[in-house]
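Participant: Return a 3D structure for these sequence lines:
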Amino acid sequence: MNKEVFFELVELKAKTASVLPFLLGICFSWYHFHQLHLGYVLLYFIAMFIFNMAVDILDNYNDYHHAKEGHDYKEKTNIIGRENLSLSMIRQWIFWMILISALMGIGLSFIVGWPLLWMGLYCYLIGIFYSSGPKPLSSLPLGEVFSGFTMGFMIMLICVYINTFDSFQWTLTTVGGIFLVALPNTCLIANLMLANNICDLEEDEKNHRFTLVHYLGKQRSIALFVGLIICAFAAIILSVILQLVPWTMLLNVVIVPFVLKQTKLFLHEQVKTKTFICAVRILAVGALAQVVFFAIGLWL
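Facilitator: Residues are numbered from 1 along each chain as shown. Below you'll find the predicted structure:
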């Protein structure tokens with residue numbers, strides 16, 4: 001297997017959805033608590049990244065097995081069938097990657113406290129059952145909620161907790177503040193899955209995957225896509241007003257023309273090979289801009 005095939009199998013291009021919320025958690029930790037436990041948080045990052053890759057391999061594996069006969073998804077679309085990858089090798093990778101990341105997380109829990117274990121357990125259950133079981137979360141109307149909440153909010157929350165475990169307070173003010181700052185990424189990550197499901201509506205229905213788009217219809221789903229983008233920018237403004245983030249976060253306004261352009265392209269046509277990349281770009285640029293402007297605020 002060459003590196004290009006491996007990168008597609010683990011969906012490396014989508015890792016923005018986990019790396020940038022983590023970096024936002026680093027910024028938030030320093031801004032509010034002036035604390036960073038770099039060694040512990042690096043271990044968390046490695047475990048998180050390994051598990052994230054395992055989840056994406058598992059998604060491709062389950063999609064391959066759940067594909068119905070009558071169309072060429074297995075042979076021409078899914079990376080496993082298209083590249084004729086060994087199923088036993090795929091299963092071994094999934095097992096060892098999940099095991100290694102879990103052991104790292106459990107070990108870290110002994111150091112920073114058991115809240116990490118419970119938060120990690122939630123993330124592992126969501127990650128594994130996102131595409132596994134008789135009713136995978138990704139095939140249900142709540143798939144966007146689970147993906148956005150877990151990757152947008154939980155990754156950041158865990159990062160902040162690890163950096164501040166010796167002073168972290170489980171209060172509504174603290175957790176609510178983290179949630180509001182994480183809300184833009186939560187919305188944009190949910191939009192990534194929503195855009196994917198909009199593009200794959202017909203194929204998903206053939207495979208008996210009835211996602212949120214199936215129930216809302218394509219036009220309402222497109223309206224929701226736009227609404228989540230508006231919500232993301234509104235959350236940034238509110239976070240500045242409440243002094244949860246530095247004023248430099250208002251500089252996110254500079255990416256509005258880019259986001260508008262990508263949104264218009266997606267609204268024009270919803271084709272996986274042509275315009276799904278628009279949602280990827282919106283997430284990548286939006287999440288990166290938040291980290292950059294937050295970091296500038298820390299420096300100033």
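Participant: from memory Ile198 sits against Gln270, does it?
Facilitator: Yes: Ile198 is within contact range of Gln270, at 4.9 Å (criterion: C-beta atoms under 8 Å). C-beta here means a position set from N, CA and C on the backbone, and glycine is covered the same way.
Participant: Which of those two has more residues huddled nearby?
Facilitator: Shown here are Ile198 and Gln270; by other C-beta atoms under 10 Å, Ile198 has more neighbours (27 against 22).
Participant: Contact partners for that one?
Facilitator: 213, 218, 221-222, 225, 270 (C-beta atoms under 8 Å, 6 or more residues apart in numbering).
Participant: From those, list the buried ones, please.
Facilitator: Buried subset of these (neighbour count, 16 or more other C-beta atoms under 10 Å): 213, 221-222, 225, 270.
Participant: Tell me the one of those residues nearest Met1?
Facilitator: Nearest to Met1, judged by C-beta to C-beta, of the buried ones among the contacts of Ile198 is Gln270 at 31.4 Å.
Participant: tell me the contacts of the closest one?
Facilitator: Gln270 makes contacts with 195, 198-199, 218, 222, 276, as judged by C-beta under 8 Å, 6+ apart.
Participant: and those residues as TSV, adding distance to Met104 and secondary structure?
Facilitator: Putting these into TSV (distance: C-beta to C-beta, whole Å; DSSP: H, G, I helix; E, B strand; the rest coil) gives the following:
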residue	distance to Met104	secondary structure
Ala195	32	helix
Ile198	36	helix
Cys199	35	helix
Lys218	42	helix
Ile222	40	helix
Phe276	32	helix
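Participant: Now pLDDT and distance to Val291 too, for those residues, in TSV please.
Facilitator: Shown next, in TSV, are those (pLDDT from 0 to 100; distance: C-beta to C-beta, whole Å):
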residue	pLDDT	distance to Val291
Ala195	95	22
Ile198	94	27
Cys199	92	27
Lys218	92	33
Ile222	96	28
Phe276	92	23
